[in-house]
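>>> would you be able to build a 3D model of this:
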Amino acid sequence: MAKARSRTAARKVKDRWKAKNWYNVLAPESFDRVTVAETLADNSTKLIKRVTEVSLQDITNDFRKSHIKLFFEIYDIEGTNAHTQYIGHTLTSDYLRRMIRRKRSKIDGIYDLDDCTKVNGENSRIVEIGKKIKQFNRLDMGVFIMKTKTIKEISNIIEQKKTKFGVSDILLSAIDMELNISYSDFPNTIWVDVDNENEYEKVKKNFEEKGEFQPFNLNNT
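Modelled structure (predicted):
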């Protein structure tokens, strides 16, 4: 009887493994939705809110980024693909030890300025924006808000001169056209990926709490 029960239990364990499927864990759109991991689950709903840790080196193939650890949380399943959102990052302990002298220095944040889009602003107006500008007093946090009609009009103009362009090109063109391009400071926010409803709600809440700048009635949409 004991042997029979043992064989039955073994079959159940094997059956549970057979019931599981492999899923590709994809990075957010800002990281080109590359596959950062693979995971098993017998039910796709169990993957929701599961967090994956990955080195930035694995995404960019740049060994200089190996000290940066990114955290992606699964929020949606499409077929065998698990879509994620960026929820934070940290630095490896050995990297921090090299950067900090005990009882002599304090580091509030470490940023790679070469990868940042820089902003030069005066009196709540954007004067210049880009990764290679020399004079800047702010860094882009990843959120740009502009009317769809305006984006289409500017894009049509830019397309006549170049085949590839990004958000910075659109903003620079808007500045050249003397449109009202303002900025708003969020000192406690480093980066936001607005590629799903949850992130949109976070940005919306940030603007509502700040109060001074409500673009396009964002608080009512």
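>>> every contact and neighbour count from this point should use C-alpha atoms.
Noted.
>>> does Ser124 touch Arg138 like I think?
No - assessed by CA atoms under 8 Å, Ser124 is found out of contact with Arg138, at 11.4 Å.
>>> of those two, give the one with the bigger neighbour count.
Taking neighbours as other CA atoms under 10 Å, Ser124 and Arg138 compare with Arg138 leading, 17 against 11.
>>> which non-adjacent residue is nearest the more buried one?
In this structure, Arg138 finds its nearest non-sequential neighbour in Val119, 5.0 Å apart by CA to CA, 6 or more residues apart in numbering.
>>> which SS state does the one you found fall under?
strand (DSSP: H, G, I helix; E, B strand; the rest coil).
>>> isn't it right up against Phe136?
Yes - contact status for Val119 versus Phe136: in contact at 5.3 Å, counting by CA under 8 Å.
>>> out of those two, which sits in the more crowded spot?
Taking neighbours as other CA under 10 Å, Val119 and Phe136 compare with Val119 leading, 22 against 17.
>>> so what's that one up against?
126-130, 136-140 (CA atoms under 8 Å, 6 or more residues apart in numbering).
>>> in ChimeraX, select just the buried ones from the residues you listed.
Written as a ChimeraX command, the selection of buried residues from these, which uses 16 or more other CA atoms under 10 Å, is:
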select :126,127,128,129,130,136,138,139,140
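>>> ok, the contacts of Val119 vs Ile74, which is closest?
Nearest to Ile74, judged by CA to CA, of these is Asp140 at 25.2 Å.
>>> with adjacent residues omitted, what lies nearest to the closest one?
Thr117 (5.4 Å).
>>> and for the one you found, the neighbour number?
18.
>>> that one touches Gly130, doesn't it?
Yes - the criterion here is CA under 8 Å, and Thr117 meets it with Gly130 at 5.2 Å.
>>> in a strand, Lys164, correct?
No - using three-state DSSP, the assignment for Lys164 is coil, not a strand.
>>> for it, grab phi and psi.
In terms of degrees, to the nearest 10, the main-chain angles of Lys164 are phi -120, psi 130.
>>> okay, now it: neighbour count?
Counted with other CA under 10 Å, Lys164 comes out at 8.
>>> could you do the one 10 residues further on as well?
With neighbours defined by other CA under 10 Å, the count for Ala174 comes to 16.
>>> which residues sit in contact with Thr92?
So Thr92 contacts 67-69 (CA under 8 Å, 6+ apart).
>>> so, low pLDDT: which residues of this protein?
Within the chain, the stretches with pLDDT under 70 are 1-17, 101-113, 187-190, 193, 195, 210-221.
>>> do a quick rundown of the helices in it.
Ranges of helices within the chain are 2-18, 56-60, 93-99, 148-159, 167-176, 197-210, based on DSSP state H.
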